[in-house]
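Student: heads up, no residue letters with this:
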């Protein structure tokens, strides 16, 4: 017979505090390398300077571009409402990103050797939480200023309110995501909190496009309600922070280490300039969530026919790829209203992004020589079969977005559509990156020449297509 | 009243619509060794991960010494030692520093570290960084992390993996000593010799 279940949460006697364990670990590690605090702060300063300098340059260039005749004139309310939709969509994606990362995380080594001990979890996580909270508030404050500046605001007071509103919402989102991290599975509010802004963004975009295509644009509000946004964000951030601090002891190992895997993959992908490292992890998580599928026999026919059926089946089991493909049609219609002079270039870029979502089979056979050997046939045949679905998807996407662009010469549209398929094919058949060879000094540091060539495989052709469209479209 | 060291009640875990664990229940008294048996893909590792809190079950509960085992509970972390396949190492800490860190974080001192290093044959590698260790030495270091700290429940996922013949003999001997000390041991293993030598109870899943 067992005793009545109970939950206890007191730290056992004799266990060191989190601060003591952290100090012990830091001292042990510092014996083997000589990174000083000054060096870390120096690196952080260079990073902030770098981001600030290039960020402000990008904002200025974008503002000039939006005011230029190349982009063309849009209805006054169109850009404002589409900016709202873009911010909402960005907020939804950011929330999902925070949830995927944790946002609180510990490295697998720390989990194995330190946090598996009975040290107080709140005390262990609190410094990270404070750091993240400050970072999120600072980042979103900068974002608020950037968005306001992009919208033509130059009044320091207005920029200050935009910054404060951004900081408030950033802090609130971070704090609430920690509360979500600590909540047990089965709670629906974290998913709804991510889906609601994205649904709102979709509705606003659809309304803007519908009203815009009918002739009139949605009216732009007399003033942007940044003060109201700030007033709502502050209490939300305060309450969220209180709840998050209370929730810290309930953040468990499962969520702490899951986020660390994403963070490691993202860091490695950034350092090695190879986004496929992160994409592979995201893909494996996606298929793991699905778990089991209904297996059916392929319809009889030659080998290529079975491979084609498998590629179609892959899409049916990964409906979010089709959803993104379809969403980008709406985005193209919105872009054509907001940036009429760049509608053609936008069509090329969005078509590429849409078709790239359909190249899962092509990427799978291209990255694995073993898989190609097992399937038999030549590499070209296998790649050729797996480009059928992207090609059909590109053709359909192009036809559905034709009303958004001025018809140019008769040969241009099919040429660009085929070019988009070729760009997606080149990106999908990109071989593993080789980091050897000569290096070149760039504003971003020393980069191997071959890495630039390999990384631009696909996007380089896309850039050529955009230039062709801009000059001949 | 006898309280089981470890009790698992109605544990279920799904990946999407794939049922990996379906209503698994068992109890393990103190001073007993149980092995989880099942073919590849039957959910042995998933079961152990759910027991230590590295994964969240969809339903069911785990009790350690009669108390609901929540990984966020410091008392539970003090009672349960585990060596699963997800262990990682600080690249800049030596073998002995890893073990001293675990001992310190559990409120102990470095006294058992030298003894465990000698027992596991890690003395020659005591100052080596993890990147220089062989896979067998890494496995020994992972196992050592369980023995330099207090424990009432020991969870091991295929502990015999990558151990040589002498290492496997040591493992069997060590598990018997754990049993004699009153530790409840739950392990997954494919080694029939080890299972026959030490195991008291067999928990079959995925049949």
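Tutor: Structure received. Not measured: the values here are computed from a predicted model.
Student: please make it C-alpha for all contacts and neighbour counts, starting now.
Tutor: Fine.
Student: for chain B, which helix or strand comes out least confident on mean pLDDT?
Tutor: strand B:67-68 (a mean of 88; mean pLDDT, DSSP states H and E).
Student: helix or strand right after that one?
Tutor: Tracing the chain past strand B:67-68, the next element assigned as helix or strand by DSSP states H and E is helix B:74-79.
Student: please identify the pairing partners of the least confident helix or strand of chain B and their relative orientation?
Tutor: strand B:59-64 (antiparallel) (DSSP bridges).
Student: now residue B:81. Its backbone dihedrals?
Tutor: Note on residue B:81: its backbone torsions stand at phi -110, psi 140 [degrees, to the nearest 10].
Student: residue contacts, it?
Tutor: Contact partners of residue B:81, counting by C-alpha atoms under 8 Å, 6 or more residues apart in numbering or on different chains, are B:146, B:151, B:152, B:153, B:154, B:155.
Student: what about the strands in the chain?
Tutor: Since you didn't name a chain, this refers to chain A. Here chain A has its strands, by DSSP state E, at A:439-442, A:445-448.
Student: looking at chain B here, not the other one
Tutor: Using DSSP E, strands in chain B cover B:6-15, B:18-28, B:33-37, B:59-64, B:67-68, B:80-83, B:153-157, B:184-188, B:201-204.
Student: low pLDDT regions in chain B?
Tutor: Counting by pLDDT under 70, chain B has low-confidence residues at B:1-2.
Student: hmm, back to that, could you tell me the least trusted of the strands of chain A?
Tutor: If the strands of chain A are sorted by mean pLDDT, strand A:445-448 sits at the bottom with a mean of 71.
Student: show me what that one is packed against.
Tutor: strand A:439-442 (3 or more C-alpha pairs under 8 Å, 6 or more residues apart in numbering or on different chains; DSSP states H and E).
Student: could the contacts of residue B:81 be laid out in a markdown table, adding neighbour count and distance to chain A?
Tutor: As requested, the contacts of residue B:81 are exported to a markdown table (neighbours: other C-alpha atoms under 10 Å in any protein chain shown; distance: C-alpha to the nearest C-alpha, whole Å):
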| residue | neighbour count | distance to chain A |
| --- | --- | --- |
| B:146 | 21 | 10 |
| B:151 | 20 | 11 |
| B:152 | 21 | 14 |
| B:153 | 28 | 14 |
| B:154 | 22 | 13 |
| B:155 | 23 | 13 |
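Student: so residue B:25 touches residue B:9, yeah?
Tutor: Yes. Taking C-alpha atoms under 8 Å as the definition, residue B:25 is a contact partner of residue B:9 at 4.5 Å.
Student: so which bits of the helix or strand bottoming out on mean pLDDT in chain A are buried?
Tutor: In chain A, no helix or strand scores lower on mean pLDDT, DSSP H and E than strand A:445-448, which sits at a mean of 71. Buried residues in strand A:445-448, defined by neighbour count with 16 or more other C-alpha atoms under 10 Å in any protein chain shown: A:447, A:448.
Student: that one pairs with which strands?
Tutor: Going by DSSP bridges, the partners of strand A:445-448 are strand A:439-442 (antiparallel).
Student: burial count for residue A:434?
Tutor: Residues near residue A:434, counting by other C-alpha atoms under 10 Å in any protein chain shown, number 10.
Student: distance check, it against chain B.
Tutor: According to C-alpha to the nearest C-alpha, to the nearest Å, residue A:434 stands 23 Å off from chain B.
Student: what's the pLDDT at that residue?
Tutor: Per the predicted model, pLDDT is 72 at residue A:434.
Student: so it makes contact with residue A:451?
Tutor: Yes. Between residue A:434 and residue A:451 there is a contact at 6.8 Å, judged by C-alpha under 8 Å.
Student: what sits in contact with each of these two?
Tutor: By C-alpha under 8 Å, 6+ apart, no residue touches both residue A:434 and residue A:451.
Student: any weak-confidence spans in the stretch 201-350 of chain A?
Tutor: Using pLDDT under 70, nothing in the stretch 201-350 of chain A is flagged.
Student: residues from it in reach of chain B?
Tutor: For the stretch 201-350 of chain A, the residues in contact with chain B (C-alpha under 8 Å from any C-alpha of the partner chain) are A:249, A:250, A:251, A:252, A:253, A:254, A:288, A:289, A:290, A:291, A:292.
Student: ok, residues contacting the top helix by length along chain B?
Tutor: Ranked by residue count and defined by DSSP state H, the top helix of chain B is helix B:165-180. Helix B:165-180 is contacted from outside by B:30, B:31, B:32, B:33, B:120, B:159, B:160, B:184, B:185, B:194, B:197, B:198, using C-alpha under 8 Å, 6+ apart.
Student: name the residues of it that are buried.
Tutor: Under 16+ other C-alpha under 10 Å, the buried positions of helix B:165-180 are B:167, B:168, B:171, B:172, B:175, B:176, B:178, B:179.
Student: how about stretch A:205-216?
Tutor: A:205, A:206, A:207, A:208, A:209, A:210, A:212.
Student: I figured the last one was touching residue A:335, is that so?
Tutor: It stands for residue A:212. No. Assessed by C-alpha under 8 Å, residue A:212 is found out of contact with residue A:335, at 11.4 Å.
Student: span of stretch A:215-227 from start to end?
Tutor: Start to finish, the residues bounding stretch A:215-227 are 32 Å apart (C-alpha to C-alpha, to the nearest Å).
Student: still on that earlier bit, could you dump the buried residues of helix B:165-180 to JSON lines with distance to residue A:415?
Tutor: Formatted as JSON lines, the buried residues of helix B:165-180 follow (distance: C-alpha to C-alpha, whole Å):
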{"residue": "B:167", "distance to residue A:415": "66"}
{"residue": "B:168", "distance to residue A:415": "66"}
{"residue": "B:171", "distance to residue A:415": "68"}
{"residue": "B:172", "distance to residue A:415": "70"}
{"residue": "B:175", "distance to residue A:415": "71"}
{"residue": "B:176", "distance to residue A:415": "74"}
{"residue": "B:178", "distance to residue A:415": "73"}
{"residue": "B:179", "distance to residue A:415": "74"}
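Student: give me the contact list for stretch B:41-51.
Tutor: B:8, B:20-21, B:36-38, B:55-57, B:62, B:84, B:155-157, B:187-188, B:205-207.
Student: out of those, which end up buried?
Tutor: Counted by 16+ other C-alpha under 10 Å, the contacts of stretch B:41-51 give B:8, B:20-21, B:36-38, B:55-57, B:62, B:84, B:155-157, B:187-188, B:205-206 as buried.
Student: distance of residue A:306 from residue A:379?
Tutor: Distance from residue A:306 to residue A:379, by C-alpha to C-alpha: 16 Å.
Student: circling back to that earlier point, buried ones among the residues of the stretch 201-350 of chain A next to chain B?
Tutor: Buried members of these, scored by 16+ other C-alpha under 10 Å, are A:249, A:250, A:251, A:252, A:253, A:254.
Student: and of those residues, the nearest to residue B:112?
Tutor: residue A:253 (26.6 Å; C-alpha to C-alpha).
Student: excluding its backbone neighbours, what's nearest that closest one?
Tutor: residue B:54 (5.7 Å; C-alpha to C-alpha, 6 or more residues apart in numbering or on different chains).
Student: and that neighbour, how many residues sit next to it?
Tutor: 21.
Student: do residue A:39 as well
Tutor: So residue A:39, with other C-alpha under 10 Å, has 11 neighbours.
Student: now the angle from the longest helix of chain B to strand B:33-37?
Tutor: 120 degrees (axes from the mean of the first three to the mean of the last three C-alpha atoms, to 10 degrees).
Student: what's the burial count for the closest residue to chain B within the stretch 351-473 of chain A?
Tutor: When scored by C-alpha to the nearest C-alpha, the stretch 351-473 of chain A has residue A:360 as its residue closest to chain B, at 20.5 Å. By other C-alpha under 10 Å, the residues close to residue A:360 number 21.
Student: cool, residue A:300 as well?
Tutor: 8.
Student: from the buried ones among the residues of the stretch 201-350 of chain A next to chain B, which is closest to residue B:116?
Tutor: residue A:253 (26.6 Å).
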